[in-house]
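**Student:** got a predicted structure here, sequence first:
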Amino acid sequence: MSSQTGLSRRRVAAASSSNDVDDEDMNPSGSTNASTRPALASTSTSNSYNDIQANGNGPRASHAGTALAGGSKVAYDPRDLVGVGSGGDEDGTTPRFTLLEEILLLGIKDRAGYLSFWNDNISYALRGCILIELALRRRIAIIKDPARRRLPLAERQVEVLSDRQTGETILDEALKMMKAHQDGPGNGVPGEKLTVGSWVDLLSGETWNVMKIGFQLKQVRERLAKGLVDKGVLRTEKRNFLLFDMATHPVADPAVKESVMSRVVALLSARTTTIPPAALPGAAIKGSYSSPAQPNIAFPVTRTVALVCAAYAASVLDNALIRLGYDEREAAFSRCDDILNEFTVWPLGSGSASTSASRRQIASGSSGGGPSSKELIAALVQAVRSEMVGGREGDDLHFEIVVTVFEIFSRMDSLL
């Protein structure tokens, strides 16, 4: 059956004795038909359910994946029950929710279940988030060429280092296209490596070249929403808009969205040079049944900075700061301006955070005599550099992509 449907189902190591038999394998005479079907395995997951006692036809086994006592069997992957990241990344260093999904959560309306019709920036920002996510997963990097330093960040070429799937459909689709374009069609025809800016434009459909219009990713927001439905964060409903019906995705697990908003607020309202633990991903979410703790996420500070900058570029930062007062909200926007400006320069730390004088006064007036915004951002830059240096060899080429996408975000019309 797996060859017909394309699904690959793994059996779990047996924990029950060989005498446990499913009643479906019993023939009318009471003997088992062991030659036609192997015994079902039982895991520790099934221990949480009541074992079904023997009936007139013989004993009945408790099996993995039973939703209710006496319910039907459900095929499942035991790795889905532990917080080891998502999809193909099984080392526990990738978060359960991608940067794209977190941006979508910030933009979606809790009860209505759809994004604002007037937000034209989120689609382009999501394509940039794809490159950030692939870079942080060490799939793509800037080509290591000393001559690249003479070029602007957006014009530096990208290469695919690993085409191993991530388990996220949109990321895998983009990675496959980048790899195919890099390798070329074959038959001696060489491939082509494009720049960071070109890939963001092509994935967004922002190109006049009709030969490359096929690189555009279709229905990204809808597919992200359906992925969050599968993860138990959203649910699907049908909503009538006078002339047509549309599928909407209201929030089903508010604790997950609340945690994303809390991370943004914690970073933008911090009053010390120490990065607040509440701003970092990986902590267990209170009240959420779908988000266990993930203490070993790679690059937690970088992911938080990417979340804040991408939310600003996608015009959804307002939704995260809605509970703050006017002055606090303006101070948070001012700090986000500084963060984005500081992280658009490579190498990291070679820029200077600066904003308009009016916003600077608001930020300093609400700081309560604590460290200045520049000192806070300097500590943030140092933390990101520590993650880059403390990782694997060549991680700086991955981080260069992240900074390049931030530079593209800073040039979007909404931020000018």
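**Tutor:** That came through fine. No experiment lies behind these values; they were computed from the predicted model shown.
**Student:** let me see the mean pLDDT of the helix or strand that contains residue 177.
**Tutor:** Using DSSP states H and E, residue 177 sits in helix 169-183. Average pLDDT, helix 169-183: 95.
**Student:** which is the next helix or strand following it?
**Tutor:** Once the chain leaves helix 169-183, the next helix or strand it forms, by DSSP H and E, is helix 196-204.
**Student:** now that following helix and helix 169-183, what's the angle there?
**Tutor:** Here helix 196-204 runs at an angle of 120 degrees relative to helix 169-183 (axes from the mean of the first three to the mean of the last three Cα atoms, to 10 degrees).
**Student:** now do residue 257 against residue 234, distance only.
**Tutor:** According to Cβ to Cβ, to the nearest Å, residue 257 and residue 234 sit 9 Å apart. Where you see a C-beta, it was placed from the backbone N, CA and C, and this is true even at glycine.
**Student:** more crowded one of the two?
**Tutor:** Legend: neighbour count by other Cβ atoms under 10 Å for residue 257 and residue 234, higher for residue 234 (26 against 23).
**Student:** which parts of the stretch 51-200 of the chain are helices?
**Tutor:** Under the criterion DSSP state H, counting those that start in this stretch, helices of the stretch 51-200 of the chain are mapped to 99-107, 122-136, 169-183, 196-204.
**Student:** burial measure for the nearest residue to residue 192 once chain neighbours are set aside, as a count.
**Tutor:** Among residues not flanking residue 192 along the chain, residue 181 sits closest, at 6.2 Å (Cβ to Cβ, 6 or more residues apart in numbering). Residue 181 has 18 neighbours, counted by other Cβ under 10 Å.
**Student:** show me what contacts residue 181?
**Tutor:** By Cβ atoms under 8 Å, 6 or more residues apart in numbering, the contact set of residue 181 is 191-192, 194, 215.
**Student:** what's the farthest-apart pair in those?
**Tutor:** Farthest-apart pair in the contacts of residue 181 is 191 and 215; separation 13.8 Å (Cβ to Cβ).
**Student:** looking at the two, which one has more neighbours?
**Tutor:** Set residue 191 next to residue 215 and count neighbours by other Cβ under 10 Å: residue 215 wins out with 20 against 13.
**Student:** and the more buried one, what's its pLDDT?
**Tutor:** 91.
**Student:** now it: how far from residue 207?
**Tutor:** 8 Å.
**Student:** again with residue 344
**Tutor:** Separation of residue 344 from residue 207 (Cβ to Cβ): 23 Å.
**Student:** who's more crowded, these two?
**Tutor:** Shown here are residue 344 and residue 207; by other Cβ under 10 Å, residue 344 has more neighbours (19 against 15).
**Student:** mind checking which helix or strand the residue nearest to that one when sequence neighbours are not counted is in?
**Tutor:** Nearest residue to residue 344 in three dimensions, chain neighbours excluded: residue 407, at 4.1 Å (Cβ to Cβ, 6+ apart). Per DSSP H and E, residue 407 falls inside helix 395-410.
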